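Asker: With the input below, show me the fold.
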Amino acid sequence: MNEHQASEAVNDDSVNAATQHTSTATPITGQVPTVQERRKVLGASLVGTAIEWYDFFIYGSAAAIIFGPQFFPAGDNPILGTLAAFGTFAVGFLARPLGGLIMGHYGDRIGRKAMLLVSMLLMGSATVLIGLLPNYESIGIWAPILLVVLRLLQGIGVGGEWGGAVLMAVEYSPSNRRALYGAFPQMGLPLGIIGANLVFIVVSNIMSPEAFQSWGWRVPFLISALLVIIAMWIRVQVEDSPAFKDVKQKKTVSKAPMIDLFRKHTGTVLLAGAISIACPALGYMYSVWMLSHRENLGADGVSQNVMLALILWGAVCHLVMVALGAVLADKFTQKSVFLWGAGLLVVWAFPFFWLIDTGNWLSIAVAFAVLLLVQSLMAGPQATLIAELFPAEVRYSGASVAYQIGSILGGGFMPLIGTSLYAAFHSSTPIALYLLAMGLISFIAMAALKVGLHRASADTI
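Answerer: Sure thing, here's the model as predicted:
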């Protein structure tokens, strides 16, 4: 633990950081992970989360581009079809807490690794089945019903993914690189966005618009089958985390992790959920909602290909800047870096939309870059910060539930809210206010949260 982290633990948590550090800093098994083992875990966390987010984001791209006419025909009012498609996008977020509850329970009971394999299989299977699903013209009302069911399965899968991937990375990390290790699963998100949008760009441009509307949109979903096989092969080769092995050896595995979590840590869960609101709101706004909002920009709007390219640019910025946010959090403190990010969001909400509303691609690129810097100052330390709020016995449950609360309230309804607000007011001002409010909520919750209470129990050296 470096001096900045020790200071944070003393000042923010009112605990003696030095005493905590001696508690379980070395696994009771005496086995400290090797450099090779740590690299393997980081690779598995990064690749696995990237593929799961690829699956999740191709649904978002398809909801903005294709699902309206394919599954929710709305006659002369296409905005209704878009709203319905974004409604099914939000359904996936409603299922994510269920995935967090189920996989959090078993992740704390039988291990992190097993649940990561289950989440990957569930997510991949649902994605491939969406690619095979007949549209409304073929099977009528069953098409949107089955689409919603498969979206629910996607939500359950990704709901259990984040917590497990983060814990594997954090619980294998050296104490002076905690935030950086925790940021590897976070970097899987922009990699998933990059993959999803690249595939849509390629597929939509190598075939005619008619072919893409008819069957080409299915290709990105079917590609997931191969990606899941690769991710499963990588994940099978890693061992469960040292922290969970210690819990098993000490025979302190919780029989009812969720009950223990809410009996002892309810306030922490709610505050951790509140700090997690702003990041997904920003992520889904630029990566999903902008694909439909592009038609409202400037005199003639922004073309689909240009907006997809801008989203790719934003994802690259996101990828680099998440790592930067994590490095800063390890150098200073997780809490201070996060607060800077949330505070800057409050300042940037309106200037962001002033640039977007110009409809100029260069202005939009600048707006995205600054927005993703702001977001990454929160996302960089977020994973490790949340993991260290809970003891190892209930850490999977606590991290998963807290993160999914924030994802639902911040990200799940953002495309739906953004579309509805613009349709009602024909102005970006209400949406800027929405982003400002997300930043304020996360800032206030972070200021109130005592961080690092269980930092030592995550140490492996």
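Asker: Could the C-alpha coordinates of stretch 222-233 be exported in PDB?
Answerer: Taking Å, rounded to 0.1, in the frame of the first residue of the first chain, the C-alpha atoms of stretch 222-233 are listed here in PDB:
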ATOM      1  CA  LEU A 222     -23.600 -14.900 -35.200                       C
ATOM      2  CA  ILE A 223     -19.900 -13.900 -34.900                       C
ATOM      3  CA  SER A 224     -20.300 -14.100 -31.200                       C
ATOM      4  CA  ALA A 225     -20.200 -17.900 -31.300                       C
ATOM      5  CA  LEU A 226     -16.600 -18.000 -32.300                       C
ATOM      6  CA  LEU A 227     -15.600 -15.200 -29.800                       C
ATOM      7  CA  VAL A 228     -17.200 -17.100 -26.900                       C
ATOM      8  CA  ILE A 229     -15.300 -20.300 -27.700                       C
ATOM      9  CA  ILE A 230     -12.000 -18.200 -27.600                       C
ATOM     10  CA  ALA A 231     -12.900 -16.600 -24.300                       C
ATOM     11  CA  MET A 232     -14.000 -19.800 -22.700                       C
ATOM     12  CA  TRP A 233     -10.700 -21.400 -23.600                       C
END
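Asker: Mind listing what's buried along it?
Answerer: When neighbours are counted by 16 or more other C-beta atoms under 10 Å, the buried residues of stretch 222-233 are found to be 223-224, 227-228, 231-232. Glycine gets a C-beta too; all of them are placed from N, C-alpha and C.
Asker: Just to be sure, which of these are found in strands?
Answerer: For these, membership in strands holds for none, with DSSP state E as the criterion.
Asker: for the residues you listed, which one is nearest L180?
Answerer: Proximity of these to L180 (C-beta to C-beta) peaks at A231, which lies at 21.9 Å.
Asker: The closest one and F413: what is the separation?
Answerer: Distance, A231 to F413, by C-beta to C-beta, to the nearest Å: 29 Å.
Asker: for the stretch 1-150 of the chain, which spans come out with low pLDDT?
Answerer: Along the stretch 1-150 of the chain, segments meeting pLDDT under 70 span 1-31, 74-83, 89.
Asker: now with 80?
Answerer: Within the stretch 1-150 of the chain, the segments meeting pLDDT under 80 span 1-33, 56-57, 60-61, 63-69, 72-94.
Asker: which stretches of the stretch 51-200 of the chain form strands?
Answerer: For the stretch 51-200 of the chain, no strands turn up when DSSP state E, counting those that start in this stretch is the criterion.
Asker: now swap in the stretch 301-450 of the chain and tell me
Answerer: Using DSSP E, counting those that start in this stretch, no strands are assigned anywhere in the stretch 301-450 of the chain.
Asker: now the helices: where do they sit in it?
Answerer: Under the criterion DSSP state H, counting those that start in this stretch, helices of the stretch 301-450 of the chain are mapped to 304-331, 334-356, 361-387, 395-406, 414-425, 429-448.
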